[in-house]
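Engineer: Quick one, what's the 3D model for this:
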Amino acid sequence: MAGGPVAAPAGLALVLLNPRAAGGRTRRLADPLRQWLASQAPEAAFAVVDDVDRARALLLGRPEGSRVVLVGGDGTVHCLLPALLQRKLSLGLVPVGSGNDLARALGLRGLAWPDALARALCGPAAGCDLGELVTEHGAWPFASSVEAGFDAAIARRAAEGPQWLRGLPRYLWATLRELAALRRRRLRVIVDGELVHDSEALFASCLNTPTYGAGMPAVPGACIDDGRLDLLIAGRFGRFGTLLMLPRLLAGRHLGHPQVRTAPFTQLRVECGDEMPLAADGEPLAGARAIKVRAMPGALQAVRGPRAG
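Structural biologist: Coordinates of the predicted model:
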């Protein structure tokens, strides 16, 4: 697909590079991307933007329904989702971030960036589900996951981790560091109007993609276009039990454990007696005592790759 010149889709496409993705390593792609676009897709606009507000302003200025190609990872997509939705922009993704769980769900993981870029510019877009998280602090759309509890604390720790670690090793490092402060909370979880959990839990996560945390197969059966999200609850695990569970989680064999539960849903509420750590798409958020999560079926038009399910 990347072998010859490609034409930008109807309406001029914008290619936006986040130079801070993957700990700043994507910055080195700026010149190769610029050269590739000049020879292969000269109609496309190109911008290197490391300021979220400026990036949002660029997207809000795009023609409604046009194509935006983001060169970055889950965090890049998460920060720009509100602007993508407001302008009804279709998303092409060149996955060069640390996590890339959305890219995995879209079948893009493992593509060389020229192949991913060609597909992102010219491939057809299809409807993909999103989720929305609502707390006392505001509302946020998300593409991959919402974490509440221990896994959100891990996301915060990973965001502060050493720059030389990336991807799954970074999340494993954060998990081991966070074990020292491990804490369970009493969570009351209501799924589509039914109380499904009312006791201590390590975490309660909501997934739109099969993986989170840079490839951990949390809910292998999750689908990005089935009109619903999937709840994952880890119950009364201590430090030793959490350590024993990690290999099973990495292998996708954790779902048979009696303290692990999943449930598909369209609307969910989690209540806690004290403040829960929160994260969305791996990005730490302000904690809250209660959250609401709902599915947004087909809310985003996105280009899929050859490995899409």
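Engineer: Just the strands from the stretch 151-300 of the chain, written as ranges.
Structural biologist: With DSSP state E, counting those that start in this stretch, the ranges of strands along the stretch 151-300 of the chain come out as 185-191, 194-201, 203-207, 229-234, 260-265, 267-280, 283-303.
Engineer: In a markdown table: those, plus distance to Leu111 and mean neighbour count.
Structural biologist: The C-beta positions use only the backbone N, C-alpha and C, and glycine is treated the same way. A markdown table is the format used below for the strands of the stretch 151-300 of the chain (distance: least, C-beta to C-beta, whole Å; neighbours: other C-beta atoms under 10 Å):
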| stretch | distance to Leu111 | mean neighbour count |
| --- | --- | --- |
| strand 185-191 | 35 | 19 |
| strand 194-201 | 37 | 14 |
| strand 203-207 | 23 | 26 |
| strand 229-234 | 26 | 24 |
| strand 260-265 | 29 | 18 |
| strand 267-280 | 25 | 20 |
| strand 283-303 | 11 | 19 |
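Engineer: Of these, give the one that comes closest to Ser39.
Structural biologist: Comparison of the strands of the stretch 151-300 of the chain against Ser39 by C-beta to C-beta identifies strand 283-303 as nearest, at 21.0 Å.
Engineer: Against which helices or strands is the closest one packed?
Structural biologist: Judged by 3 or more C-beta pairs under 8 Å, 6 or more residues apart in numbering; DSSP states H and E, the packing partners of strand 283-303 are helix 74-86, strand 90-95, strand 125-135, strand 138-142, strand 145-149, helix 150-159, strand 267-280.
Engineer: among those, which gets the worst mean confidence?
Structural biologist: Least confidently modelled of these is helix 150-159, at a mean of 79 by mean pLDDT.
Engineer: Can you list the helices and strands that the worst-scoring helix or strand of the chain on mean pLDDT packs against?
Structural biologist: In the chain, the helix or strand scored least confidently by mean pLDDT, DSSP states H and E is helix 167-178, which has a mean of 72. With contacts defined as 3+ C-beta pairs under 8 Å, 6+ apart, the packing partners of helix 167-178 are helix 150-159.
Engineer: ok now the helix it packs on, how far from the chain's centre?
Structural biologist: Distance of helix 150-159 from its chain centroid, counting by C-alpha atoms, centre = their mean, to the nearest Å, is 14 Å.
Engineer: between that helix and strand 185-191, how many degrees?
Structural biologist: Relative orientation of helix 150-159 and strand 185-191, computed by axes from the mean of the first three to the mean of the last three C-alpha atoms, to 10 degrees: 110 degrees.
Engineer: which residues make contact with helix 150-159 from outside it?
Structural biologist: The contact list for helix 150-159 (C-beta atoms under 8 Å, 6 or more residues apart in numbering) reads 147, 170-171, 173-175, 177-178, 181-184, 202-203, 205, 212-213, 234, 242, 276-279, 282-285.
Engineer: can you check stretch 75-91 too?
Structural biologist: Here stretch 75-91 has contacts from 9, 18, 21, 52, 55-56, 59-60, 62-70, 93, 97-99, 102, 125, 130, 140-144, 280-283, 299-303, using C-beta under 8 Å, 6+ apart.
Engineer: List buried residues within those residues.
Structural biologist: 9, 18, 21, 55-56, 59, 62, 66-70, 93, 97-99, 102, 125, 130, 140-144, 280-283, 299-303 (16 or more other C-beta atoms under 10 Å).
Engineer: Run a quick neighbour tally on His257.
Structural biologist: 16 (other C-beta atoms under 10 Å).
Engineer: What does it show for phi and psi?
Structural biologist: His257 adopts backbone torsions of phi -70, psi 140, taken as degrees, to the nearest 10.
Engineer: show me the contacts for it.
Structural biologist: Applying C-beta under 8 Å, 6+ apart, the residues near His257 are Met245, Arg248.
Engineer: I'd like to know how far it sits from Leu187.
Structural biologist: 17 Å (C-beta to C-beta, to the nearest Å).
Engineer: Could you do Ala143 as well?
Structural biologist: 24 Å.
Engineer: Doesn't Gly97 lie inside a helix?
Structural biologist: No. Counting by DSSP: H, G, I helix; E, B strand; the rest coil, Gly97 is located in no helix; its state is coil.
Engineer: show me the contacts for it.
Structural biologist: Taking C-beta under 8 Å, 6+ apart, we find Gly97 in contact with Asn18, Ala21, Ala22, Thr26, Gly72, Gly73, Asp74, Gly75, Thr76.
Engineer: tell me which of those residues is nearest to Leu250?
Structural biologist: Within the contacts of Gly97, distances to Leu250 taken as C-beta to C-beta reach their minimum at Asp74, with 18.5 Å.
Engineer: these two touch, right, the closest one and Leu102?
Structural biologist: Yes. Counting by C-beta atoms under 8 Å, Asp74 touches Leu102, with 5.4 Å between them.
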